[in-house]
Structures are given as structure tokens and as C-alpha cells.
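Chemist: Quick one: sequence plus predicted model below, questions after.
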Amino acid sequence: MANVIATIKIMPESPEIDLDSIEESAKKLIAEFAGEGETKTEQEPIAFGLKALKITFVMDEAKGSPDPLADKIKGIEGVNSAEVVDVRRAIG
């Protein structure tokens, strides 16, 4: 099986929520689900000071869909929503 690169977009409940603590908690859940590996994090401005957190990570295709991981991330305190926005097979 190949590796896939998945991106999860996390929306906080408000602009006052600390994205760093959400990022730390989400990365722990990602490591439990996909194992230790490469991750990339970016903050995407939405509107009125609200920023989305996008975490891109590598996982084994055999694990299946990352949707259950997004559901776990929704349970983090301060998270309004989390959705898988991109999944693609890694080349090389």
C-alpha cells in the first residue's frame, strides 16, 4: 500500500480560542491514528479575526479514511468543526 497525504481543516468556536493548544491536541490524535510522521500546520484567515487551522499529515493508505480522526478532533475543547478537506496519494 502507498502513503496518502491528508489535510484536516479545524474551525475554532471563536477568534479568542488558543489555536496553539488546539494544534497540540490535534497533533497528538493524529500521531495516535497515523503514527509519528511528517506534519505541516498553517493558519488560514477566515473573517473578522477568525482563523482556521489546517494540518497536513502523511498516513498509510491501509488505515482507510481519515474521517474518524476528524470526528475525534471535533471533540477537542474549543473546536467548532473539523473536516477532511484533501486526501491524495503520495508519489515517490
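Modeler: Noted; the coordinates are in hand.

Chemist: Surely Ala90 and Met1 touch.
Modeler: No. Ala90 sits out of contact with Met1 when judged by CB atoms under 8 Å, with a separation of 11.0 Å. C-beta here means a position set from N, CA and C on the backbone, and glycine is covered the same way.

Chemist: neighbour count winner among those two?
Modeler: Taking other CB atoms under 10 Å, Ala90 and Met1 do not tie; Ala90 has more neighbours (12 against 8).

Chemist: next one: phi and psi at that one?
Modeler: Note on Ala90: its backbone torsions stand at phi -80, psi 140 [degrees, to the nearest 10].

Chemist: residues in contact with Thr41?
Modeler: Counting by CB atoms under 8 Å, 6 or more residues apart in numbering, Thr41 makes contact with 23, 27, 53-56.

Chemist: Show me what secondary structure element comes after the longest helix along the chain.
Modeler: Scanning the chain for the longest helix, with DSSP state H as the assignment, gives helix 19-34. For helix 19-34, the following helix or strand on the C-terminal side (DSSP states H and E) is strand 39-47.
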